[in-house]
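J.: model this:
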Amino acid sequence: MQGEVFAVKSLKTVWLVLLVLLFVGVSAMAQGTPRELLVELLKPGLSLSIDKGCGAVYQHGELLNITVRSDGSGYLTIFDFMPNGQAQIIFPNSYHEDNFIEGEKEYSIPGELLPFQFRVAPPDGEELIYAVVTQQPYNLIPSQTYDFSDVFPQLSGSDEVIARSLTRGIQVVPSAAVAMCHFYVGGEPSTALGDSWGLFIGVDDYDETRYTGDDGKKYYFPKLRYCVKGAQEIAEALQPMFPHQRLLMDREVTHDAVQQAITGWLSQAPAGATVMIYFSGHGSRTPDENNDEIDDYDETLVPWNYGTKQQFIVDDELRRWLSLLNCDRVILIFDSCHSGTMERSVYTSRLVTTGTTRAVEPQLMDGDGMADDLTSTKGSRGTWWKQLVITACRPNESAYESSKLENGALTYYLLKAMEGKGDINGDGWVTAQEAYKYAAEMVSLDYPKQHPQLTDNIKEAVRLTPK
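T.: Numbering: from 1, shown residues only. Purely as a prediction, here's the structure:
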């Protein structure tokens with residue numbers, strides 16, 4: 001990643017270089033690799049993200065912004081690890097030495113006010129951004145001097161030494177909050193989608209049969225308007241790149257039909273193939289039965305006839321179905337009314353009184369979410385999948401349908417992206433990562449309370465459109 005410093009008043013333009021972290025070939029330590037050590041240090045109270053989503057692929061030349069939000073006020077330090085086994089501090093730096101931030105306030109770094117930019121540059125690989133907030137302005141690595149004569153203070157020693165030192169520093173600091181985010185720097189998008197298969201699911205015509213909840217009251221899932229239309233249009237847009245397609249619409253979307261489509265039809269996709277699963281409809285939650293959820297609830301997709309059958313498609317069984325596939329890559333898109341997982345929370349449905357019946361209303365619950373569960377899945381050959389998951393919103397938000405757009409907001413702008421508006425780097429094709437970036441920005445412009453999310457461990461840009 002390249003740091004671009006631009007003029008503010010009399011400042012001259014300067015070019016800096018932030019190298020990319022590449023962990024390939026780093027030997028394991030007795031206590032774990034540097035990355036494993038850093039993961040062990042994570043502490044709640046600080047959220048950290050980048051504009052395309054942690055785990056995303058950035059093409060050469062793209063700008064990158066970091067967003068942080070701390071539960072409490074304190075002093076923010078952001079570390080960047082480099083491929084030569086060393087690390088540096090990218091915030092604070094010589095252009096902005098004041099690193100105090102207020103609690104409950106979102107900060108964008110560099111943002112619009114700071115006199116520098118981060119621009120992605122070679123070499124390709126994985127980069128790790130590591131942030132710590134402390135109540136006092138501690139030097140988290142006491143053996144190091146933060147020398148601001150360089151724009152970004154350089155840390156001496158190998159990544160192993162720095163990770164160990166940072167471990168000791170954070171462990172002795174009271175009330176520290178720690179978060180991290182990674183991304184991948186890539187060159188040309190992958191053209192090797194293989195024999196690509198797509199399953200597209202949309203439900204508008206929900207069975208509004210009232211059913212009795214655990215509290216003895218009546219509930220139902222209301223009908224939607226544009227889910228079937230969105231699924232059909234996404235399938236059509238992806239036909240050139242995903243020629244093997246199956247569509248399930250409205251009353252075809254039962255629990256058993258979705259299971260058969262994945263474990264039967266999609267299981268025919270061979271090794272090397274890419275599988276796409278798109279779902280547009282209601283999402284909900286159900287009590288966890290195997291103690292694998294932080295919030296004691298499993299995330300679910302809602303079939304059309306839940307009111308009659310009372311049978312969700314639960315994240316655990318969806319993970320089991322997916323684990324039977326032979327393919328190498330899986331792309332999942334959930335344009336669901338209660339989706340979103342990147343903050344390790346789940347936006348669930350709470351059933352509330354509306355006259356004599358009860359309809360679905362959102363409620364924020366602490367815990368993990370659909371993408372977390374699905375991206376921890378192994379394929380049928382026992383290897384970890386390459387997966388990319390796009391969800392319609394953050395955990396504490398709703399996914400909007402629009403009569404003006406005649407579609408779900410996420411789906412509408414994904415379609416616009418694939419028409420060409422998402423070709424961010426102008427190379428003639430649109431990748432899944434580019435489509436997400438364009439759609440996320442446009443959705444949030446139209447609906448400021450909705451922010452689509454991305455979980456990406458494919459580690460390469462994947463084309464959605466032909467050149």
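J.: Please report phi then psi for Q260.
T.: Reported as degrees, to the nearest 10, the phi and psi values for Q260 are phi -70, psi -40.
J.: Surely Q232 is in a helix?
T.: Yes. Assessed by DSSP: H, G, I helix; E, B strand; the rest coil, Q232 belongs to a helix.
J.: which residues does it contact?
T.: For Q232, the contact set (Cβ atoms under 8 Å, 6 or more residues apart in numbering) comprises 200, 202, 247, 249. All C-beta atoms are positioned from the backbone trio N, CA, C, and that covers glycine.
J.: Give me the nearest residue to the third one, chain neighbours excluded.
T.: Spelled out, that is L247. F200 (5.0 Å; Cβ to Cβ, 6 or more residues apart in numbering).
J.: Equivalent analysis for the second one, please.
T.: Distances taken as Cβ to Cβ, 6+ apart place A231 nearest to G202, at 3.1 Å, with adjacent residues excluded.
J.: Ranking by neighbours, what's the top pick from the contacts of Q232?
T.: Most neighbours among those, by other Cβ atoms under 10 Å: G202, with 30 neighbours.
J.: Quick check: it vs R225, distance?
T.: The gap separating G202 from R225 is 11 Å, by Cβ to Cβ, to the nearest Å.
J.: Name the SS class of K416, please.
T.: Assignment for K416 (three-state DSSP): helix.
J.: Do I have it right that it meets M442?
T.: Yes. In this structure, K416 is within contact of M442 by Cβ atoms under 8 Å, at 7.2 Å.
J.: can you give me the strands in the stretch 251-400 of the chain?
T.: 274-281, 283-287, 297-301, 313-314, 329-336, 345-354, 357-366, 386-391 (DSSP state E, counting those that start in this stretch).
J.: er, the stretch 51-200 of the chain actually
T.: Under DSSP E, counting those that start in this stretch, the stretch 51-200 of the chain gives strands at 57-59, 63-64, 66-70, 74-81, 87-91, 100-101, 106-109, 117-119, 125-134, 154-155, 177-186, 197-202.
J.: closest to G169 out of these?
T.: Among the strands of the stretch 51-200 of the chain, strand 125-134 comes nearest to G169, with 8.6 Å by Cβ to Cβ.
J.: Show the average pLDDT along that closest one.
T.: The pLDDT scores in strand 125-134 average 86.
J.: Stretch 142-158 now?
T.: Summarised as a single mean, pLDDT over stretch 142-158 is 79.
J.: what's the span of that stretch, first residue to last?
T.: Start and end residues of stretch 142-158 are separated by 16 Å (Cα to Cα, to the nearest Å).
J.: Per-residue pLDDT of the closest residue to D446 other than its chain neighbours, please?
T.: Excluding the flanking residues, the one nearest D446 by Cβ to Cβ, 6+ apart is A409, at 6.2 Å. Listed pLDDT for A409 reads 93.
J.: Likewise for the one 3 residues further on?
T.: With respect to pLDDT, Y412 has a value of 97.
J.: can you confirm it is in a strand?
T.: No. Using three-state DSSP, the assignment for Y412 is helix, not a strand.
J.: Please look at it and S402 and confirm they touch.
T.: Yes. Between Y412 and S402 there is a contact under Cβ under 8 Å: 7.1 Å.
J.: Of these two, which one has the most company?
T.: Neighbours were counted for Y412 and for S402 using other Cβ under 10 Å; Y412 has more, 24 against 14.
J.: Low-confidence stretches in this structure?
T.: Along the chain, the model assigns pLDDT under 70 to residues 1-34, 83-85, 113, 121-124, 187-194, 214, 288-297, 337-385, 395-396, 459.
J.: would you list every one of the helices in it?
T.: Shown for the chain, the helices assigned by DSSP state H span residues 34-40, 159-172, 227-238, 255-260, 306-309, 315-322, 370-374, 409-416, 432-446.
J.: looking at these, which is closest to G216?
T.: helix 306-309 (16.4 Å).
J.: now for that closest one, which elements pack on it?
T.: Where contact means 3 or more Cβ pairs under 8 Å, 6 or more residues apart in numbering; DSSP states H and E, helix 306-309 is packed against strand 211-212.
J.: Mind doing that once more with 10 Å?
T.: Other helices and strands packing on helix 306-309, by 3 or more Cβ pairs under 10 Å, 6 or more residues apart in numbering; DSSP states H and E, are strand 211-212, helix 255-260.
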